[in-house]
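>>> compute the structure for the input listed below.
(one chain, ligands or ions: 1)
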Amino acid sequence: MTTVSSRGQTPEPPTSLGMPALPAPDYPAEVRARLEADAKEVIARYPGPRSALLPLLHLVQAEEGHVTRTGIRFCAEQLDLTTAEVTAVSTFYSMYRRKAGGDYQVGVCTNTLCAVMGGDAIFEELKEHLGVGNGETTEDGAVSLEHIECNAACDFAPVVMVNWEFFDNQTPESARQLVDDLRAGRTVEPTRGAPLCTFKETARMLAGFPDERPGAVEATGSAGPASLIGLRLAKGEVAPGRGAGHVVSPRTAGPAEEPPSGHPGEQAPPGHPSSHDAPQETSASDDQHPAGPTAEEGE
Ligand code: FES
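Numbers count the residues shown, from 1 in each chain. Model prediction:
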């Protein structure tokens, strides 16, 4: 019914601020009981209940594939928070979906290094091939495409992530084959790490529940060789390819070795132990992970 103000004017409808309308519907009783048991287990791991918010958001995401109004209400009730507080957190982190998505979240790293190594070309290829844009999902509900920021895998650039598993050293062609395989239900193997599973299954693991697939934990692996160079340098070890040279970690340098407070533009003295002594190794020097375009990409 339209109301009329005392001045005889029809009032404007309230302005939407884009916040979820309240109250949100509850889960069906069976789902709620199951999630409450899971939430209790997660909350018990923390000294204070509100510390469990991030895993609980993954838990509700595992239920519905994204963080719904119902999921936000559930988290708030379990942790004695307001729905506004839960919404603020869930919309801050990019790993929480705010709308329904596909079984496979395909993220193309278009951060600086991956972008110049081919990430931008891969994203354009997938966008055209799948017929979807950033944050959109294919009609069959299989693949959601998105830009992602650096995943600390720059030595394997350009990197594509599927449900946060690594697919290293990709090309537009290999990425296209990857999404075709995903959509066709064919098994795809990440370059390293555990075998791939669906978005919901991944979300449940991120909530803190174990990956019970045989061999999955053992397959987790470790950092690649180029990544480990930085660790070796931090320990003051000899950098690969530097012969008998020795890089002194700034953290372990004694007072006598501390650099003088120079002026802008002043050259450091020979042997100066500073971060500028870091080796000039690049992925191009890593035989196992060459930096340049692969043969099929360049031909
Ligand atoms: S820039 Fe892509 S992983 Fe670092």
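>>> extract the CA atoms of stretch 25-40 and return them as CSV.
Taking C-alpha atoms only, stretch 25-40 is exported to CSV below (Å, rounded to 0.1, in the frame of the first residue of the first chain):
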residue,chain,number,x,y,z
PRO,A,25,16.3,-17.6,6.2
ASP,A,26,17.7,-20.4,8.4
TYR,A,27,19.1,-23.7,7.1
PRO,A,28,16.8,-26.7,7.1
ALA,A,29,16.9,-28.4,10.5
GLU,A,30,19.0,-31.3,9.3
VAL,A,31,21.6,-29.1,7.7
ARG,A,32,21.7,-26.8,10.7
ALA,A,33,22.3,-29.7,13.1
ARG,A,34,25.1,-31.1,10.9
LEU,A,35,26.8,-27.7,10.6
GLU,A,36,26.4,-26.9,14.3
ALA,A,37,28.3,-30.1,15.1
ASP,A,38,31.1,-29.1,12.7
ALA,A,39,31.1,-25.5,14.0
LYS,A,40,31.5,-26.8,17.5
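>>> now it, how far from the chain's geometric center?
27 Å (CA atoms, centre = their mean, to the nearest Å).
>>> identify each buried residue in it, please.
By 16 or more other CB atoms under 10 Å, the buried positions in stretch 25-40 come out as 27, 35, 38-39. Quick note: C-beta positions are derived from backbone N, CA and C, even for glycine.
>>> tabulate the residues you listed in a markdown table, adding columns for pLDDT.
Shown next, in a markdown table, are those (pLDDT from 0 to 100):
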| residue | pLDDT |
| --- | --- |
| Y27 | 96 |
| L35 | 98 |
| D38 | 98 |
| A39 | 98 |
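>>> give me the subset of these touching the ligand.
Contacts with the ligand within the buried residues of stretch 25-40, counted by CB under 6 Å from any ligand atom: none were found.
>>> among those residues, which ones are in strands?
Among the buried residues of stretch 25-40, none falls in strands (DSSP state E).
>>> which among the residues you listed gets closest to the ligand?
Nearest to the ligand among those is D38, at 32.2 Å by CB to the nearest ligand atom.
>>> which pLDDT does the model give the residue nearest to E189 when sequence neighbours are not counted?
Spatial nearest neighbour of E189, excluding adjacent residues (CB to CB, 6 or more residues apart in numbering): P195 at 6.9 Å. Predicted confidence (pLDDT) for P195: 89.
>>> ok, now the one 3 residues further on?
Here the pLDDT value assigned to T198 is 97.
>>> equivalent analysis for L145, please.
So, for L145, pLDDT stands at 98.
>>> so how far is G107 from it?
Look at L145 and G107: by CB to CB, to the nearest Å, they are 8 Å apart.
>>> neighbour-wise, which of the two wins?
L145 (25 against 22; other CB atoms under 10 Å).
>>> now check the helix or strand harbouring that one, is it near the ligand?
Using DSSP states H and E, L145 sits in strand 143-148. No. Strand 143-148 is not in contact with the ligand by CB under 6 Å from any ligand atom; minimum separation 8.0 Å.
>>> next structured bit after that strand?
strand 160-162.
>>> are the very next helix or strand once past that next one and the ligand in contact anywhere?
Remark: after strand 160-162, the chain's next helix or strand is strand 165-167, criterion DSSP H and E. No. Using CB under 6 Å from any ligand atom, we find that strand 165-167 stays clear of the ligand, coming within 9.1 Å at best.
>>> check which helices and strands strand 165-167 sits against.
If you count contacts as 3 or more CB pairs under 8 Å, 6 or more residues apart in numbering; DSSP states H and E, strand 165-167 packs onto helix 172-184.
>>> in the helix it packs on, what counts as buried?
Across helix 172-184, burial judged by 16+ other CB under 10 Å covers 172, 174-176, 178-179, 182-183.
>>> what's the angle between it and strand 143-148?
140 degrees (axes from the mean of the first three to the mean of the last three CA atoms, to 10 degrees).
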